[in-house]
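**Student:** Sequence and predicted structure, then a few things I'm wondering about:
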Amino acid sequence: MMADHGDNSKFHDKDKSHKCELCQKSFANGRNLERHLRTHSGEKSFKCDLCVKSFGTSDTLTRHYRSHTGDKPFKCELCDKAFAQKGHLHDHFVTHSGKKPYQCEFCQKDFSRKSYLNVHVRTHTGERPFECQLCDASFISNTLLHEHVRTHTGELKYKCHVCNKSLSSTGHLNEHMRTHTGAKPHECQVCRKSFSHRSHLNGHMRTHTGAKPHTCVICQRSFSHKGHLNDHIRAHAGDKSYKCDLCHKTFAQKRQLHDHIVTHTGEKPHKCEFCQKEFSRKNYLNVHVRTHTGEKPYKCQLCNTSFISNSILNDHLRSHTGEIKYKCHLCQKSLSSSSHLNDHMRKHTGDKPYICLLCPKSFVTGSRLKVHLRTHTE
């Protein structure tokens, strides 16, 4: 058996004698090499007689025909779901097995397919082998190149059957469809919160892990989301591109503008089902609800204390690190959190926003109001 195996190996080595001079890849026969060369030349000699599309191989044309006929010959034996392409069936199997045998040597991230790993590795190496023939842009995958080319041609290939909106890629169409269905297929395994996009789940997971992979090159401050970093960089540049239409005040962040607009409208559309308290933003309501349910999903990795919000966790972490981040511009006193700074500033301004509804008294902080309320109930 060993000898036979050796002979087979020699046969296969000899069999791949047709080498591409452009990328050195080898093939078993001339026909396969000829088909491969079209990926370099861009030649697409196989034309669909049902639409205007052309393809580099007859196999690709055959797969394309199924998009017209609806034929799905590849069926999953576990759930009977069917697919037009064998590769799509292979991808689907992973949802049952969860197996990801291909690991990135740079960051140890796992992938279900070798092709996914190959594209990912280019994010580390900087390799961009797919070049646009209309401009100097290059990309890590052929899919991204095709989507980019549509920015030149204006082609919007994928149409939503619900609202007829056209989109440039299947990925964008799938994400758009969830705005109609409300589907949130990506669930956090820590707190069970669900999201419509994988990227939103990845960003949410950082609220549990504390990871902040996006660092400002100017001041080295780190952020959990790329969008937050972009907003922060605008603060350095003095860019305040978000303008209030009511008073023309400008802001560096879209979120800051949204919060500001509420000061004009007074709108609080999000109501607590437990106590009917109203909030201007959904995330404020989410944090508040946890004061009723007792849920504390944000855990300190240094002492196992848990908190109802990520901001309170971050304030707590400074009790371990000794970091004093917030400084009063009037007396230079340093404080560990923005809320402590706000409380402190009222000592200068005399502002007492916490009003007792049972008597005329008002207080600088909410905690002092709570202490006072006991004098009415005792």
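**Tutor:** Happy to help now that I have it.
**Student:** who's in contact with the closest residue to residue 343 other than its chain neighbours?
**Tutor:** Nearest residue to residue 343 in three dimensions, chain neighbours excluded: residue 365, at 5.0 Å (Cβ to Cβ, 6 or more residues apart in numbering). To be clear about C-beta, it is placed using only N, CA and C from the backbone, and glycine gets the same treatment. Contacts were defined as Cβ atoms under 8 Å, 6 or more residues apart in numbering; by that measure residue 365 touches 343, 346, 354.
**Student:** so what's the backbone phi/psi at residue 365?
**Tutor:** Summarising the backbone geometry of residue 365 under the convention degrees, to the nearest 10, its torsions are phi -130, psi 160.
**Student:** Okay, helices next: where are they in the stretch 1-150 of the chain?
**Tutor:** Under the criterion DSSP state H, counting those that start in this stretch, the stretch 1-150 of the chain carries helices at the ranges 2-15, 30-41, 58-69, 86-97, 114-125, 142-153.
**Student:** Columns distance to residue 204 and mean neighbour count on top of those helices, output as TSV?
**Tutor:** Conversion of those to TSV gives the following (distance: least, Cβ to Cβ, whole Å; neighbours: other Cβ atoms under 10 Å):
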stretch	distance to residue 204	mean neighbour count
helix 2-15	48	9
helix 30-41	39	14
helix 58-69	35	14
helix 86-97	21	13
helix 114-125	21	14
helix 142-153	25	15
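**Student:** among these, which is nearest residue 292?
**Tutor:** In this view, these are compared for proximity to residue 292 by Cβ to Cβ, and helix 86-97 is the closest at 35.9 Å.
**Student:** other SSEs contacting the closest one?
**Tutor:** Here helix 86-97 is seen to pack against strand 74-75 when contacts are counted using 3 or more Cβ pairs under 8 Å, 6 or more residues apart in numbering; DSSP states H and E.
**Student:** what about the residue most central in space within the chain, which helix or strand?
**Tutor:** Note on the chain: the residue nearest the mean C-alpha position is residue 199, at 1.8 Å, using Cα atoms, centre = their mean. Counting by DSSP states H and E, the element that carries residue 199 is helix 198-209.
**Student:** quick one: strands adjacent to whichever helix or strand comes after that helix?
**Tutor:** Following helix 198-209 in sequence order, the next helix or strand is strand 214-215 (DSSP H and E). Here strand 214-215 is paired, per DSSP bridges, with strand 222-223 (antiparallel).
**Student:** Contacts for the partner strand, please.
**Tutor:** Counting by Cβ under 8 Å, 6+ apart, residues outside strand 222-223 touching it are 212, 213, 214, 215, 216, 229, 232.
**Student:** just the buried members of those residues?
**Tutor:** Neighbour counting with 16 or more other Cβ atoms under 10 Å marks 214, 229, 232 as buried within these.
**Student:** beta partners of the first one?
**Tutor:** For residue 214, the beta-bridge partners under DSSP bridges are residue 223.
**Student:** isn't it right next to residue 224, touching?
**Tutor:** Yes. At 7.3 Å, residue 214 counts as touching residue 224 under the criterion of Cβ atoms under 8 Å.
**Student:** Can you report how many residues neighbour residue 301?
**Tutor:** By the measure other Cβ atoms under 10 Å, the count of residues near residue 301 is 11.
**Student:** Next: residue 113.
**Tutor:** When neighbours are counted by other Cβ under 10 Å, residue 113 registers 15.
**Student:** Enumerate every residue touching residue 339.
**Tutor:** Listed by Cβ under 8 Å, 6+ apart, the contact partners of residue 339 are residue 315.
**Student:** export the contacts of strand 222-223 to CSV and tack on distance to residue 248 and pLDDT?
**Tutor:** Putting the contacts of strand 222-223 into CSV (distance: Cβ to Cβ, whole Å; pLDDT from 0 to 100) gives the following:
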residue, distance to residue 248, pLDDT
212, 34, 81
213, 36, 81
214, 31, 81
215, 33, 80
216, 28, 79
229, 27, 82
232, 23, 79
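**Student:** Tell me which two of those sit farthest apart.
**Tutor:** Farthest apart among those by Cβ to Cβ are 213 and 232. That separation is 14.0 Å.
**Student:** what residue ranges in the stretch 1-150 of the chain score low on pLDDT?
**Tutor:** For the stretch 1-150 of the chain, residues meeting the criterion pLDDT under 70 lie at 1-15.
**Student:** Helices of the stretch 201-350 of the chain, residue ranges please.
**Tutor:** Listed in chain order, the helices of the stretch 201-350 of the chain (DSSP H, counting those that start in this stretch) span residues 226-237, 254-265, 282-293, 310-321, 338-349.
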